[in-house]
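[1] fold the stuff below for me.
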Amino acid sequence: MGVQGVASTFRDLGLSNWIVKSCRALGMNKPTPIQQSCIPPALHGRNVIGSALTGSGKTAAFALPILEKLSKNPYGIFALVITPTRELAAQIVEQFQALGAKLSVRVCLVVGGLDMMKQSVELDRLPHVVICTPGRMADIMNGARPPKLSKLKFLVLDEADRLFEKTFARDIDFIV
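    Numbering: from 1, shown residues only. Have a look, this model is predicted:
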């Protein structure tokens, strides 16, 4: 541990060596404050709410604990990350793929503007992590072939302040 009990490395946060190496390979040498605050409780199964500025490492703050736990039980849809926009969803997919490369993490993007049938087929293949927008995920869950979410261990509401706006309320309620 670093000064005054603050974790100075990703290893100090309780992450495995393979994740520490993945972080290092991506130029992430030291956890940011949001990562220091969120990763340990998430690894211990506690609910976490985090708020930080853009570029502060928020995505890694939830992706790293998900990948750590996923590496111990890699079967079924393990995490569902809901975010308000397609663009943000695509960025989160890239982060999971980069951080989870050593694990061969399977990530599925479920957003409007893409073929819904192809997305349903991809969900049938039980990806590890599903990154979605609320409207499209609600549509798929309400359809003829809802995804199997019985193994779900993590639910992330990224940019929750926006997801709790009236525009998304019905879909978020349905999904949750």
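
[2] quick one: average confidence on stretch 39-55?
    For stretch 39-55, the mean pLDDT works out to 91.

[3] who's in contact with that stretch?
    Stretch 39-55 has contacts (Cβ atoms under 8 Å, 6 or more residues apart in numbering) with 7, 13-15, 31-34, 37-38, 58, 61-62, 64-66, 68-69, 154, 160. (C-beta placed from N, C-alpha, C; glycine too.)

[4] please flag which of these sit within helices.
    Judged by DSSP state H, helices contain the following of the contacts of stretch 39-55: 33-34, 37-38, 58, 61-62, 64-66, 68-69, 160.

[5] out of these, who's nearest Asp115?
    Asp115 has its nearest neighbour among the ones in helices among the contacts of stretch 39-55 in Ile66, at 26.1 Å by Cβ to Cβ.

[6] so the closest one touches Ile77, yeah?
    No. With contact defined as Cβ atoms under 8 Å, Ile66 does not count as touching Ile77 (11.6 Å).

[7] need the overlap of contacts for these two.
    Val129.

[8] can I have the buried ones of the ones in helices among the contacts of stretch 39-55 as a ChimeraX selection?
    If you want just the buried ones from these in ChimeraX, going by 16 or more other Cβ atoms under 10 Å, the selection is:
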select :34,37,38,58,61,62,64,65,66,68,69
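
[9] distance to Leu26 added to the ones in helices among the contacts of stretch 39-55, as JSON lines?
    Below are these laid out as JSON lines (distance: Cβ to Cβ, whole Å):
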{"residue": "Pro33", "distance to Leu26": "18"}
{"residue": "Ile34", "distance to Leu26": "16"}
{"residue": "Ser37", "distance to Leu26": "20"}
{"residue": "Cys38", "distance to Leu26": "18"}
{"residue": "Lys58", "distance to Leu26": "15"}
{"residue": "Ala61", "distance to Leu26": "14"}
{"residue": "Phe62", "distance to Leu26": "16"}
{"residue": "Leu64", "distance to Leu26": "11"}
{"residue": "Pro65", "distance to Leu26": "16"}
{"residue": "Ile66", "distance to Leu26": "16"}
{"residue": "Glu68", "distance to Leu26": "16"}
{"residue": "Lys69", "distance to Leu26": "20"}
{"residue": "Ala160", "distance to Leu26": "25"}
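
[10] any low-confidence regions in this protein?
    1-7 (pLDDT under 70).

[11] helices of that one, start to end?
    Ranges of helices in the chain, per DSSP H, are 17-25, 33-43, 58-70, 86-99, 116-124, 134-141, 160-163, 166-175.
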